[in-house]
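Visitor: Coordinates for the following, if possible.
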Amino acid sequence: MSTPAQRRCVQVLNEALHEVFAERDDVFLLGEDILDPYGGAFKVTQGLSDAYPDRVLTTPISEGGLFGVAAGMSLRGFRPILEIMFGDFIALGMDQVVNGISKFREMYDDQVTVPLVVRTPMGGRRGYGPTHSQSLEKLLLGIPNICVVAASECHDLRGLVVNAVEDDRPVFLIENKLMYGRSSRRPEEGHVGGLAVRETGARYPALSFSGTDFSDDTATIVTYGGMVPVVLEAATELILEHEIFCEVVALSQLLPMQLDPVLESVARTGVLVTAEEGTLTGGFGAEIAARVQELAWSDLRGPVRRVAARDGIIPSARPLEDAMLPGAHDIVGAIVALEAVRS
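Guide: As a prediction, the model looks like this:
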């Protein structure tokens, strides 16, 4: 029998969904092709329709309608979970999100809540092409009154799912596609591999990694989701090849933005690099950079550097896709360049 650390992330997510269905009879699942035996495009929902046939509802290909139905259900006291097959398709439901789901609670003076969860896979590196490979989290970061959470293989996936369902806000739970097939890498005895780890006590925790036990790192890298393993690879390469030690802050809650662990790290290191798989302009990194420079200008010893995908489409051809998306070498290059300026 596999231990929790050995289980694939898709198994952990699936078990968490089964857990919330067993414990709450107000939870419903809506989505396309989620019925057994198929169990969803990435198999996260397998077994749920057989176990709870009255609460797992397969839907037509109409994301706008799917968001609208879920909003109505949540206003009536249910807690629907939407599975949007690919994160690219959230654009089809944005009117419901921007002009309804995110506004109802404030419009009606806190007399109603909209406790729904939107689960969706984001990210490339699988050769799916321009319309099935994007990381569109930044489209959500400017919408007030929603919560955006990004899972990674190092975070407590069960806790993220359970807490999202219990949250009275609309929650977008972003799941990177490559994460599904990877093993969960939860900290053991305060470490992941050779890196020390700290975890905040928030509903959606941030993880901080350090090769010096947070005593002598010279740069901070802030990231989330599918970029976490890429950044950890870069951090290891920086130690082994360049003798540069970095703190890595892996956020799970992107909105409202968790800045405390970022500011605490920057106060120690004085250098900040952001890393995201989405395109560069107007992204997560831009918002982090703006806020850190506003709140911690005196701690910074140089400009914030952003690592992200190029502004353009994601090609289907894998070599071109790899050239478009940020890799460990891009992060290493950004840190080495900042270190060169300092010296």
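
Visitor: what's the single longest strand in the protein?
Guide: Using DSSP state E, we find that the single longest strand of the chain is strand 272-279.

Visitor: helices or strands next to whichever helix or strand comes after it in the packing?
Guide: As assigned by DSSP states H and E, the chain's next helix or strand after strand 272-279 is helix 284-295. Judged by 3 or more C-beta pairs under 8 Å, 6 or more residues apart in numbering; DSSP states H and E, the packing partners of helix 284-295 are strand 219-224, helix 260-269, strand 272-279, strand 305-309. Glycine gets a C-beta too; all of them are placed from N, C-alpha and C.

Visitor: who's in contact with helix 284-295?
Guide: 137-138, 141, 222, 224, 254, 257, 259, 262-263, 266, 272, 274-276, 278, 280, 300, 304, 306-308 (C-beta atoms under 8 Å, 6 or more residues apart in numbering).

Visitor: switch the cut-off to 7 Å
Guide: Contacts of helix 284-295 with the rest of the structure, by C-beta atoms under 7 Å, 6 or more residues apart in numbering, involve 137-138, 141, 222, 254, 257, 259, 262-263, 266, 272, 274, 276, 278, 300, 304, 306, 308.

Visitor: Using PyMOL, define a selection of the buried residues within those.
Guide: Selecting only the buried entries of the contacts of helix 284-295 in PyMOL, with 16 or more other C-beta atoms under 10 Å as the criterion:
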select buried, resi 137+138+141+222+254+259+262+263+266+272+274+276+278+300+304+306+308
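
Visitor: closest one to residue 122 among the helices and strands packed on helix 284-295?
Guide: When the helices and strands packed on helix 284-295 are compared by C-beta to C-beta, strand 272-279 sits nearest residue 122, at 7.7 Å.

Visitor: The closest one - contacts with which helices or strands?
Guide: Here strand 272-279 touches strand 219-224, helix 284-295, strand 305-309, helix 328-342, going by 3 or more C-beta pairs under 7 Å, 6 or more residues apart in numbering; DSSP states H and E.

Visitor: Most tightly packed of the ones you listed?
Guide: strand 219-224 (a mean of 29; mean count of other C-beta atoms under 10 Å).

Visitor: Who does it pair with, and is each partner parallel or antiparallel?
Guide: Next to strand 219-224 in the sheet, as set by DSSP bridges, lie strand 246-251 (parallel), strand 272-279 (parallel).

Visitor: which residues are contacting that strand?
Guide: The contact list for strand 219-224 (C-beta under 7 Å, 6+ apart) reads 150, 231, 235, 244, 246-252, 254, 262, 265-266, 269, 271-276, 288, 331, 335, 338.

Visitor: in the stretch 51-200 of the chain, which ranges drop under the pLDDT threshold?
Guide: Along the stretch 51-200 of the chain, the model assigns pLDDT under 70 to no residue.

Visitor: For the residue most central in space within the chain, give me its contacts.
Guide: Closest to where the C-alpha atoms of the chain average out (C-alpha atoms, centre = their mean) is residue 150, at 1.6 Å. The contact partners of residue 150, taken as C-beta under 7 Å, 6+ apart, are 137, 174, 224, 225, 252, 254.

Visitor: How about the backbone phi and psi for residue 74?
Guide: phi -70, psi -40 (degrees, to the nearest 10).

Visitor: Near it, how many residues? Count them for me, please.
Guide: Residues near residue 74, counting by other C-beta atoms under 10 Å, number 23.

Visitor: Tell me where the stretch 51-200 of the chain has strands.
Guide: According to DSSP state E, counting those that start in this stretch, the stretch 51-200 of the chain carries its strands in the segments 56-58, 79-83, 117-122, 147-150, 171-176, 191-192, 195-199.

Visitor: Kindly reformat these as JSON lines containing distance to residue 99.
Guide: What follows is the strands of the stretch 51-200 of the chain, written out as JSON lines (distance: least, C-beta to C-beta, whole Å):
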{"stretch": "strand 56-58", "distance to residue 99": "24"}
{"stretch": "strand 79-83", "distance to residue 99": "17"}
{"stretch": "strand 117-122", "distance to residue 99": "16"}
{"stretch": "strand 147-150", "distance to residue 99": "18"}
{"stretch": "strand 171-176", "distance to residue 99": "16"}
{"stretch": "strand 191-192", "distance to residue 99": "41"}
{"stretch": "strand 195-199", "distance to residue 99": "36"}
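
Visitor: now residue 280: how far from residue 270?
Guide: 23 Å (C-beta to C-beta, to the nearest Å).
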